[in-house]
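> Build me a model:
(one chain, ligands or ions: 1)
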Amino acid sequence: MASLGLKVRRGEGEGFRRRLVEIGAFDRSRKIRTEGGDLYMPILELSCEAREELAGIGKFEVVEAEFQDEAPKETVEGLLGHKPSFEVVGDVAILEDPNEVAAAAIMAVHRNVRAVISPLSAVEGEFRTRRFRPVAGEERTTTVHKEHGLRYRIDLERAYFTPRLGTERLRVAGLVRSGEAAFDMFAGVGPFALLIAKRGAKVVAVDKNPDAVRLLRENARLNRIDEIVIMEADAADLAERYENCADRIIMNLPHSARDFLGVAMKIAKDGGVVHYYAIAPEDNLYARDTAFVEDAARDAGVEVEILRRGVVRSYAPHQYNIVIDFRVDKPPKEAEEATRL
Ligand code: SAM
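Next up, the predicted model:
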């Protein structure tokens, strides 16, 4: 049966396809077809505004045409009849409930997955790691994960990593100005630090976990990133050494970042921006941590201006991973010295 299509010149097809997808007018249930020098794209209804926008790309005609149906995509939910909780990191799937049938379904749908593992523990300890047991496929916790054009060697059992912060990392990277000095206090295997280094920041990346630091060094090499200083250290010990050094500070240690607020405020330059992460209950999303920031500022003798508060992701029932961006304004040198006297 004929349905609505857009007829365009073959060489202009990709521009039209992308725009149609963006405005929600591309009919994903049918296949594009070619005829001579023309492409026929299956579409849904086109508003007058959409037609005007498409006219900016090139010549097109709205036609009635025959299209073949796309084969429906297989999903894990479709195979099982329910949706197991899992996430894919590189070629490893982390399946919350160690169920072999679910593991087989994941491997059938996600053809790149070579190992399915299930956590034996929550994210725990100072290094924020988890223990796992193998469920299907290869028995390993190591992988290479791609994010925003960079590759990361990861060992899920030895150093923290979650792909669920990818959008937040991109947001922070979008704020970076080339040449600025950034300090990642809890860098892990480097997904914030390396991304912002790639965007032109001069980065100091610190982690206390020797395995995280080993992987971070490997990841810097893997992505050919040189403008970075990598240190295995307790961030709390670096306040004096890096006092007034950073335009931007990343504090991604959500369960205990509040204990390091004074250190961050010391490391910040006058006007430096801090990205502070926390886990907060839904009935008190920002007030508690805003108070922590303000109390720490008072103790440090600096002013803070809150620039942004937001939810990064849901963390547990009724609990959210939140971010507070704030700017640190330091008193002029004389005033600071006068206060000391
Ligand atoms: N920023 C990384 C990311 O987005 O994947 C890692 C975040 S993970 C939640 C927190 C990291 O802080 C862990 O790698 C842990 O080893 C490190 N860490 C914990 N306490 C620390 C401290 N006192 N100084 C430096 N690093 C610390």
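> residue contacts, the closest residue to Ala257 other than its chain neighbours?
Nearest residue to Ala257, sequence neighbours excluded (Cβ to Cβ, 6 or more residues apart in numbering): Met251, at 4.4 Å. Glycine gets a C-beta too; all of them are placed from N, C-alpha and C. Met251 makes contact with Met185, Phe186, Ala257, Phe260, Leu261, Ala264, Val274, His275, Tyr276, Tyr277, according to Cβ atoms under 8 Å, 6 or more residues apart in numbering.
> out of the residues you listed, which one sits closest to the ligand?
Distances from the ligand to the contacts of Met251, taken as Cβ to the nearest ligand atom, are shortest for Phe186 (3.1 Å).
> Do I have it right that the closest one meets Asp207?
Yes: here Phe186 reaches Asp207: they are 6.4 Å apart, a contact under Cβ atoms under 8 Å.
> the more surrounded of the two?
Asp207 (29 against 24; other Cβ atoms under 10 Å).
> Now that one. Its backbone dihedrals?
With angles defined as degrees, to the nearest 10, Asp207 sits at phi -150, psi 150.
> is it true that it touches Gly188?
Yes: with contact defined as Cβ under 8 Å, Asp207 counts as touching Gly188 (6.0 Å).
> okay, and the common contacts of these two?
Counting by Cβ under 8 Å, 6+ apart, the contacts common to Asp207 and Gly188 are Ala159, Leu216.
> Get me the contact residues on the chain for the ligand.
Neighbours of the ligand within the chain, by Cβ under 6 Å from any ligand atom: 126-128, 159-161, 165, 186-188, 191-192, 206-209, 212, 234-236, 252-253.
> So which of the residues you listed are in helices?
Among these, the residues falling in helices (DSSP state H) are Ala212.
> and whatever residue of the chain ends up closest to the ligand, how many residues sit next to it?
Residue of the chain nearest the ligand, by Cβ to the nearest ligand atom: Gly188 (2.6 Å). Residues within reach of Gly188, counting by other Cβ under 10 Å, total 28.
> Strands of the stretch 151-300 of the chain, start to end?
With DSSP state E, counting those that start in this stretch as the criterion, the stretch 151-300 of the chain has strands at 181-184, 202-207, 228-232, 246-251, 268-281.
> Strand 202-207 and the third one, what's the angle between them?
The one in question is strand 228-232. Angle of strand 228-232 versus strand 202-207, following axes from the mean of the first three to the mean of the last three Cα atoms, to 10 degrees, is 20 degrees.
> May I have the strands that pair with strand 228-232, each with its orientation?
Note on strand 228-232: by DSSP bridges, its sheet partners are strand 202-207 (parallel).
> ditto for the fourth one
Here strand 246-251 has these sheet partners by DSSP bridges: strand 181-184 (parallel), strand 268-281 (parallel).
> which outside residues touch the first one?
Contacts with strand 181-184, where a contact means Cβ under 8 Å, 6+ apart, come from 176, 190, 192-193, 196-197, 201-206, 242, 245-250, 252, 267, 269.
> Tell me which residues touch the residue nearest the centre of the chain, please.
Central residue of the chain (Cα atoms, centre = their mean): Gly166, 1.0 Å from the mean position. Residues in contact with Gly166 (Cβ under 8 Å, 6+ apart) are Glu147, His148, Pro191.
> Adding pLDDT, write those out as TSV.
Formatted as TSV, the contacts of Gly166 follow (pLDDT from 0 to 100):
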residue	pLDDT
Glu147	94
His148	91
Pro191	98
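> now those as CSV including neighbour count?
CSV is the format used below for the contacts of Gly166 (neighbours: other Cβ atoms under 10 Å):
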residue, neighbour count
Glu147, 18
His148, 14
Pro191, 27
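> Which member of the residues you listed is positioned nearest Thr141?
The shortest approach to Thr141 among these belongs to Pro191, at 17.1 Å (Cβ to Cβ).
> got a list of what that closest one touches?
Counting by Cβ under 8 Å, 6+ apart, Pro191 makes contact with Glu147, Leu150, Tyr152, Phe161, Leu165, Gly166, Arg169.
> can you rerun that using 10 Å?
145, 147-148, 150, 152, 154, 160-163, 165-166, 168-169, 184, 216, 219, 252 (Cβ atoms under 10 Å, 6 or more residues apart in numbering).
> I am finished for the moment; much appreciated.
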